[in-house]
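Engineer: Need the 3D shape of this:
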Amino acid sequence: MVKKKINIILIVVVLGLWGSVFYKTINRFFTSKELAVNNSSGSTTVKFNQINKDTFALENVSRDPFLNKQVQEVVSRPQRQYVANTSHSAAVKKAAPAPTMKHLIVWPSISYHGYIKDSRGEMVILKIDSKMFRLRKNDLVDGLMIKKISSDSLEVDFNKEKKIIKRFKI
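Structural biologist: Numbers count the residues shown, from 1 in each chain. As a prediction, the model looks like this:
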């Protein structure tokens, strides 16, 4: 008998819950969406806040993230070659060479600030693009490799190009 009463109560609760769900769902479709606005004062101004879009410009990427190279491609235009037409015969036209792509390697700004010699070897203090680094021979940072270290200069390799950098004097 007790189980029968509990089952009846549970069935009534479930029917009530499902009934309220169906009522809210159906009520949305059949009610009007007009809102009554009480305007107590005759002239009121409504202010809207305008949201401006945030825009920015994309820059060309000058560094290849996979090969760790910084290059700028420059397209050179072929020079036009004119042939002087001294006779009335057909002019001979020379084919212009195809435009060639030259790769200009853009070196980062490097300054040599110090030389340290300790039990593990030689170390240099470099400033590369406004960041300070302590590097040893054959260390690689941003595509730069230290090849040769001396107290007044060092040899740096960047994208298979070598450069000698003198020490920064204060």
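Engineer: so where's this structure shaky on pLDDT?
Structural biologist: The model of the chain has pLDDT under 70 over residues 32-44, 69-103, 169-170.
Engineer: Now do the helices for it: every range, in order, please.
Structural biologist: For the chain, the helices defined by DSSP state H occupy 2-30.
Engineer: Now do the residue of it most remote from its centre against Thr45, distance only.
Structural biologist: No residue in the chain sits farther from the centre than Met1, which is 72.8 Å out by C-alpha atoms, centre = their mean. Remark: distance between Met1 and Thr45 (C-beta to C-beta, to the nearest Å) = 70 Å. Yep, even glycine has a C-beta here, placed from its N, CA and C like the rest.
Engineer: again, but for Arg134
Structural biologist: 65 Å.
Engineer: Check Val106 too.
Structural biologist: In terms of C-beta to C-beta, Val106 sits 56 Å off from Thr45.
Engineer: So what's the residue count around the residue nearest to Leu144 when sequence neighbours are not counted?
Structural biologist: Leaving out its chain neighbours, the residue that sits closest to Leu144 by C-beta to C-beta, 6 or more residues apart in numbering is Phe158, at 5.2 Å. For Phe158, the count of nearby residues is 19 (other C-beta atoms under 10 Å).
Engineer: Name all residues that make contact with the nearest residue to Lys127 once chain neighbours are set aside.
Structural biologist: Distances taken as C-beta to C-beta, 6+ apart place Ser111 nearest to Lys127, at 4.6 Å, with adjacent residues excluded. Contacts for Ser111 (C-beta atoms under 8 Å, 6 or more residues apart in numbering) come out as 126-127, 165, 168.
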